[in-house]
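Novice: Sequence and predicted structure, then a few things I'm wondering about:
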Amino acid sequence: MFLTPGEEINVSGDASHLKEIKIEGTDDNEQMTEFRAETSQATNAQTIAKAKEFIKEHPESAVSVYLLYRYFINTNTPQYAQAQKLLPPILQAQPRNGFVVKLQQTLIELTKVQVGKPLPSFSVKDLQGSLLTNKDLSTAQCAVITVWASWDYESVSQLNMLQEQCEKANGRLKLASFNVDASKSDCKRTLSSKENIGRNVCEESLLGGKVMRSLGLFAPMNNIILSRGKVVGIDLSTDDLRKKVESLSQ
């Protein structure tokens, strides 16, 4: 649903069939309604193809911004390179859209880390004051960098899973984590009952940590999987991450 100051919209349909809900009153909402109707029975690949087609035809539309983010960036299988190709016409058509401008910078940071390429260089002090760098992870048979917060249950659950994998791997798995709590004391309180959790970093900048963002990590549950210093996975679900770690650390 797209809201515009001073504009009225009408919503009709069944809440149990969200893709069939009709929203009328503004061009953006009517375009989105039409897109949902056209893709209600489509496969994921077909929906992505439709989204790409729509973005190319309507770079001025707020719907294009949503579709770009939803299907090419904020997904379990992101297509950052494709997003970079689709973004310039949107930026040209919407130069004053702050979200689009920010999205451009985000994509630049996200594409620094790509599957099949070495992890970019970084250095940051961990909770113990020791320097953590990319070289500390480059020789590991399997290494994982993850993001978590004490207030995000799913990310703590993922961290617990990685802790269990570390115990099983007999040194074949290295773990580094970025905590996005407001203070190191909050982070340490959560970690006090845990062992075998690798190196932990808290930049005390919430989601704005410079080193974390330089690695394309922006929120809890973001993760990077490495093998011998090369990226082999990005932002896997907890279950897929577990399977990947198990296969690499055998």
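Specialist: Ah, there it is.
Novice: okay, residue 197: pLDDT?
Specialist: Confidence at residue 197, expressed as pLDDT, is 82.
Novice: got it, and the one 10 residues further on?
Specialist: Note for residue 207: predicted pLDDT of 85.
Novice: and what of residue 25?
Specialist: pLDDT recorded at residue 25 is 66.
Novice: in a strand, that's where residue 42 is, yeah?
Specialist: No: Residue 42 is assigned coil when assessed by DSSP: H, G, I helix; E, B strand; the rest coil, not a strand.
Novice: Now for it, how many residues are close by?
Specialist: Neighbour count for residue 42, taken as other CB atoms under 10 Å: 12. Placement of C-beta: from N, CA and C, glycine included.
Novice: Touching, it and residue 53? I think so.
Specialist: No: when contacts are counted by CB atoms under 8 Å, residue 42 is not listed as touching residue 53 (12.0 Å).
Novice: What is the longest helix of the protein by residue count?
Specialist: Taking DSSP state H as the assignment, the helix of the chain that covers the most residues is helix 153-169.
Novice: which element follows the lowest-mean-pLDDT helix or strand in the chain toward the C-terminus?
Specialist: Taking mean pLDDT, DSSP states H and E as the measure, the helix or strand of the chain with the lowest value is strand 22-24, at a mean of 68. Next helix or strand after strand 22-24 toward the C-terminus (DSSP states H and E): helix 27-39.
Novice: tell me which strands and helices that next one is in contact with?
Specialist: strand 22-24, helix 44-57, helix 62-68 (3 or more CB pairs under 8 Å, 6 or more residues apart in numbering; DSSP states H and E).
Novice: State the mean pLDDT of the second one.
Specialist: The average of the pLDDT scores along helix 44-57 is 96.
Novice: now the angle from that helix to helix 27-39?
Specialist: 150 degrees (axes from the mean of the first three to the mean of the last three CA atoms, to 10 degrees).
Novice: And for the most centrally placed residue in the chain, nearest residue in space, chain neighbours not counted?
Specialist: By CA atoms, centre = their mean, the chain has its centre lying nearest to residue 222, at 5.3 Å. Nearest-residue entry for residue 222: residue 147, 4.5 Å, with adjacent residues in sequence omitted and distances by CB to CB, 6 or more residues apart in numbering.
Novice: Right, I'll call it a day here.
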